[in-house]
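[1] predicted model follows, preceded by the sequence.
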Amino acid sequence: MFGRSSNLDASQAPPTEPDDVPEGLDRAAFAAGCFWGVEEFFLEIPGVVDAVSGYEGGHVDHPTYEQVCSGATGHAEAVLVTFDPTRVTFEHLLEEFWRHHDPTTLNRQGPDHGTQYRSAVFVRNEAQTTAARESLDAFQIRFKRPIVTEVTAASTFWPAEAYHQRYTQRTGRGGCHVANW
């Protein structure tokens, strides 16, 4: 049923590979539960050029929302953030990431649970890997429980269906995220 078959929905944009970065910009991908709220808080950061809801970290090409929600594809709901590194640093994006979700809950954020809601930073290069691990260690002191966030190599990012993009802006419905401090 699942595998490398094409499930491409006409409402989905093409995938983004880890090394596909527009000139003069940088990219980072974060998973912190439901992607609607994650997309929203990243879009509010000065220097963020774009934030796209989608799926990363799985083993199925062209995953659909229904497939990801089943838990069978291995993907996390994630947000691909494109940013101008002259205006905002990756380290600042990490600070916002830690602040806007609970990185101590395994496969859960608010009412959402399952591996697709895990906490993860999908790193695109060695500098991001180092920064993410150092940031995780620095932020651990703010939490009573251990941080369970994965710091893992980026893979193909599959944009979610069009109806998921800018969801909170279009519908006025909030996400499931609250600030930690």
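    Happy to help now that I have it. Since we're looking at a predicted model, the values are computed, not measured.

[2] and Ile147, what does it touch?
    Neighbouring residues of Ile147 by C-beta atoms under 8 Å, 6 or more residues apart in numbering: Pro103, Thr104, Ser119, Leu136, Phe139, Gln140. C-beta coordinates here come from the backbone N, C-alpha and C atoms, glycine included.

[3] quick one: the helices in this structure?
    Shown for the chain, the helices assigned by DSSP state H span residues 35-43, 65-70, 90-99, 126-140, 167-171.

[4] on that earlier part again, quick check, nearest of the contacts of Ile147 to Ala162?
    Using C-beta to C-beta, Ser119 comes nearest to Ala162 of the contacts of Ile147, at 25.7 Å.

[5] for the closest one, give me the pLDDT.
    On pLDDT, Ser119 comes in at 97.

[6] count of neighbours near it?
    Using other C-beta atoms under 10 Å, Ser119 is surrounded by 24 other residues.

[7] buried only: go through the contacts of Ile147 for me.
    Neighbour counting by 16 or more other C-beta atoms under 10 Å classes Pro103, Thr104, Ser119, Leu136, Phe139 among the contacts of Ile147 as buried.

[8] turn those into TSV, including distance to Pro15.
    Compiled in TSV, the buried ones among the contacts of Ile147 are given as follows (distance: C-beta to C-beta, whole Å):
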residue	distance to Pro15
Pro103	26
Thr104	31
Ser119	22
Leu136	27
Phe139	30
